[in-house]
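give me a model of this one.
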Amino acid sequence: MKRFTAMLFLVLAMQVNADTHCDNQCQLTLIKDYYQKINLSVVQHSTTENVEVFLGSLHEDVVYLHEEYEAKFDKNIWRKAFLRQMERGGYANTVEANTVLKSVIHGYQTAAVEFVSQYRNQEDTEVTSSPSRLAIFKFKDSKIVFIQDHWYHLAEETLNK
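Numbering: from 1, shown residues only. Purely as a prediction, here's the structure:
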């Protein structure tokens with residue numbers, strides 16, 4: 001009986017671990033989904049529904065970090081930041097402005113992402129591309145639980161000159 005119980009415990013433990021692991025394809029799908037949904041949240045005429053769909057796709061305990069902007073957001077803070085920007089009319093992007101993934105390095109429950117942001121230039125209203133940027137994603141329960149952007153806006157301005 002002890003042997004059966006030990007085997008049952010091992011099988012159940014393996015199933016729980018298998019259910020929560022996000023392999024490379026899972027990570028890539030979640031990353032693409034993340035950028036697609038956040039892009040829809042930061043365009044002209046985005047809605048609270050866009051924000052809710054985006055935030056709803058993330059892990060309940062998600063944390064977003066960006067040191068340059070001193071951003072450390074959980075879902076509630078992130079929601080308030082989106083809505084505040086919407087109320088101020090702070091989103092000028094059009095649907096042509098999006099994110100292009102250049103490369104992804106997969107790790108165990110973690111991925112490093114090189115991407116280019118496309119955004120509407122306020123001065124001439126043309127869609128402009130940023131230099132390559134870096135973000136780190138972590139995954140839990142097959143959802144994104146952590147995002148840390150590592151790009152530096154002032155350094156990008158220097159590169160563009």
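
what about residue 111, distance to residue 130?
19 Å (CB to CB, to the nearest Å). Yep, even glycine has a C-beta here, placed from its N, CA and C like the rest.

ok, the two, which is more surrounded?
Between residue 111 and residue 130, counted using other CB atoms under 10 Å, the more crowded position is residue 111 (21 against 17).

isn't that one right up against residue 25?
No. Residue 111 is beyond contact range of residue 25, at 11.4 Å (criterion: CB atoms under 8 Å).

for this protein, which residue is closest to the average position?
The centre of the chain sits closest to residue 34, judged by CA atoms, centre = their mean, with a distance of 4.7 Å.

so for the residue lying closest to residue 35 once chain neighbours are set aside, what's the pLDDT?
Nearest non-adjacent residue to residue 35, counting by CB to CB, 6 or more residues apart in numbering: residue 99, 4.0 Å away. pLDDT for residue 99: 94.

gap between residue 99 and residue 85?
From residue 99 to residue 85 the distance is 17 Å (CB to CB).

out of those two, which sits in the busier spot?
Applying other CB under 10 Å to residue 99 and residue 85 shows that residue 99 carries more neighbours, namely 20 against 15.

so what's the more buried one up against?
Residues near residue 99 by CB atoms under 8 Å, 6 or more residues apart in numbering: 35, 38-39, 115-118.

just the residues you listed: which are in helices?
When DSSP state H is applied, the contacts of residue 99 are split such that 35, 38-39 fall in helices.

from those, which is closest to residue 74?
residue 38 (15.7 Å; CB to CB).

name the helix or strand for the nearest residue to the closest one once chain neighbours are set aside, please.
Excluding its sequence neighbours, the residue lying closest to residue 38 (CB to CB, 6+ apart) is residue 54, at 5.5 Å. Following DSSP states H and E, the helix or strand that holds residue 54 is helix 48-56.

for that helix, which helices and strands make contact with it?
For helix 48-56, the packing partners by 3 or more CB pairs under 8 Å, 6 or more residues apart in numbering; DSSP states H and E come out as helix 24-41, helix 75-88.

buried ones in the last one?
Just to be clear, that refers to helix 75-88. Using 16 or more other CB atoms under 10 Å as the test for burial, helix 75-88 gives 75, 78-79, 81-82, 86.

could you do the first one as well?
Judged by neighbour count (16+ other CB under 10 Å), helix 24-41 contains these buried residues: 27-28, 30-31, 34-35, 37-41.
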